[in-house]
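K.L.:
test case, fold it:
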Amino acid sequence: MKSNARMEWGKNIIGLLLPILLTLVPLETMSQPVPSQEVKEVRLNGTQHRPFFFKPFALLLSSVGLMVSETGDNCLKLVGPDGRLKMTIGNQGQGPEEFDAPMGFDIHDQKLYVADSFNRRIKILSPEGKLLSSFRVDLIPVHLVVINPERIVVSGRPNPFQSQESLLHCYDSRGTLKWKALNPIPSSDSVYFTLINEIFLQKDAQGNIFVLHKYKTPQILKIKSEGKIAEEIKLDPAYPLKRIMLPLKIGKKPIDVVFWNMAWDGDKFYLLIPELDGQGDLGPGKEVYVISRQGKILEKIIFPQAIRLLATDGTTFYILNAEDELFIYREGS
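P.N.:
Take a look at the predicted model:
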């Protein structure tokens, strides 16, 4: 019975994370004003129909355009700056250039590293999407960042039935485990456990890894490439946390939502603030708070529509809205 429960959890965990009729409870925040700016939409001239993605998971800007991982179509897509689809990599399956729910990915030295989540593999591909190598991992890989070919850092979604499983695993290009780090936050409730251990990863040019918890923990962990925590960066006290009440088996339990999604431009964090949707549930918002490497609020950016996913180079913003359609915005009026 326990084995069946683990298998059911592994394949259906995304369903656990869907909105579940949450009640918003306001938190006290400091009243000091935050500098704000609005953005202007950039017209997509390269396509007649606005690009749409099926269950996208992550966005990444590169020198050749915007890359999107689509868990729904089990592929990665490259979109040019004009909105035109330039390339599709992969499809459903277990073969060399096939995926089962590709999630996080990174580009290093013109190679594409992909977390092939339900195949439990890390795949390394050429710029044209041809498999160069791959290796199996003992976790469901979610996000990944590549410091160098011998330091591929992968986050897992820990199994509540194996609560001692580390959140971070570092591998070399042959799949040899180099180190593990970050114990999960414990909880006896499987849904609550999954939420409070959902993390996002970013990296900087110096080889540092940044870990941010989506729920409960308003801080940024700076981790060295050898797996040691270098700094715990607290978010500015004025940062607007959202508190929700989770209807769990043990009763309602509060949890703070730190951000809905995020981006990074190599110097600053861009944290998307959730807000109430038309049905009274918590969902994607229209405000993005820009946070320094020291955790300070620099400004907030106000968009004309709700955002699910975003990527930015610091001045241009590629966003997927609530319907997973692509829009491009730029700073300034």
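K.L.:
so, low pLDDT: which residues of the stretch 101-250 of the chain?
P.N.:
163 (pLDDT under 70).
K.L.:
now the helices for it?
P.N.:
Listed in chain order, the helices of the stretch 101-250 of the chain (DSSP state H, counting those that start in this stretch) span 190-196.
K.L.:
gap between the closest residue to residue 294 other than its chain neighbours and residue 89?
P.N.:
Distances taken as C-beta to C-beta, 6 or more residues apart in numbering place residue 233 nearest to residue 294, at 6.4 Å, with adjacent residues excluded. Every residue, glycine included, has its C-beta placed from N, CA and C. Computed as C-beta to C-beta, to the nearest Å, the residue 233 to residue 89 distance reads 35 Å.
K.L.:
so which of those two has more stuff around it?
P.N.:
Using other C-beta atoms under 10 Å, the more surrounded residue of residue 233 and residue 89 is residue 89, with 23 against 18.
K.L.:
excluding covalently adjacent residues, which one is nearest to that one?
P.N.:
Of all residues not flanking residue 89 in the chain, residue 129 sits nearest, at 3.6 Å (C-beta to C-beta, 6+ apart).
K.L.:
which residues touch that neighbour?
P.N.:
Neighbouring residues of residue 129 by C-beta atoms under 8 Å, 6 or more residues apart in numbering: 76, 87, 89, 90, 97, 112.
K.L.:
between those residues, which sits nearest residue 325?
P.N.:
The nearest member of those to residue 325, counting by C-beta to C-beta, is residue 76 at 18.0 Å.
K.L.:
surely that closest one and residue 106 touch.
P.N.:
No - applying C-beta atoms under 8 Å, one finds residue 76 not in contact with residue 106, separated by 11.7 Å.
K.L.:
what's the neighbour count on residue 313?
P.N.:
The number of residues packed near residue 313 is 11, by other C-beta under 10 Å.
K.L.:
swap that for residue 183, please
P.N.:
A total of 14 residues lie near residue 183 under the criterion other C-beta under 10 Å.
K.L.:
contact partners for it?
P.N.:
Residues in contact with residue 183 (C-beta under 8 Å, 6+ apart) are 164, 166, 167.
K.L.:
so which bits of stretch 67-81 are buried?
P.N.:
67-71, 73-79, 81 (16 or more other C-beta atoms under 10 Å).
K.L.:
hmm, I typed the wrong one, I wanted stretch 183-203.
P.N.:
By 16+ other C-beta under 10 Å, the buried positions in stretch 183-203 come out as 184-185, 187, 189-203.
K.L.:
coming back round to it: who's in contact with the residue nearest to residue 294?
P.N.:
Counting by C-beta under 8 Å, 6+ apart, residue 233 has contacts 219, 220, 221, 222, 293, 294, 295.
K.L.:
tell me the pLDDT at residue 251?
P.N.:
Model confidence at residue 251, given as pLDDT, is 87.
K.L.:
quick one: it from residue 198, how far?
P.N.:
22 Å.
K.L.:
equivalent analysis for residue 97, please.
P.N.:
29 Å.
K.L.:
the closest residue in space to residue 100 that isn't next to it in sequence: how many residues sit nearby?
P.N.:
With C-beta to C-beta, 6+ apart as the criterion, residue 100 has its nearest non-adjacent residue at 3.9 Å, and that residue is residue 118. By the measure other C-beta under 10 Å, the count of residues near residue 118 is 18.
K.L.:
how far away is the nearest residue to residue 222 once chain neighbours are set aside from residue 295?
P.N.:
Excluding its sequence neighbours, the residue lying closest to residue 222 (C-beta to C-beta, 6+ apart) is residue 231, at 4.1 Å. As defined by C-beta to C-beta, residue 231 lies at a distance of 10 Å from residue 295.
K.L.:
what about stretch 69-84, how long is it end to end?
P.N.:
One end of stretch 69-84 sits 16 Å from the other (C-alpha to C-alpha, to the nearest Å).
K.L.:
helices or strands up against the longest strand along the chain?
P.N.:
In the chain, taking DSSP state E as the definition, the longest strand is strand 282-291. Secondary-structure packing of strand 282-291 (3 or more C-beta pairs under 8 Å, 6 or more residues apart in numbering; DSSP states H and E): strand 269-276, strand 297-302, strand 307-312.
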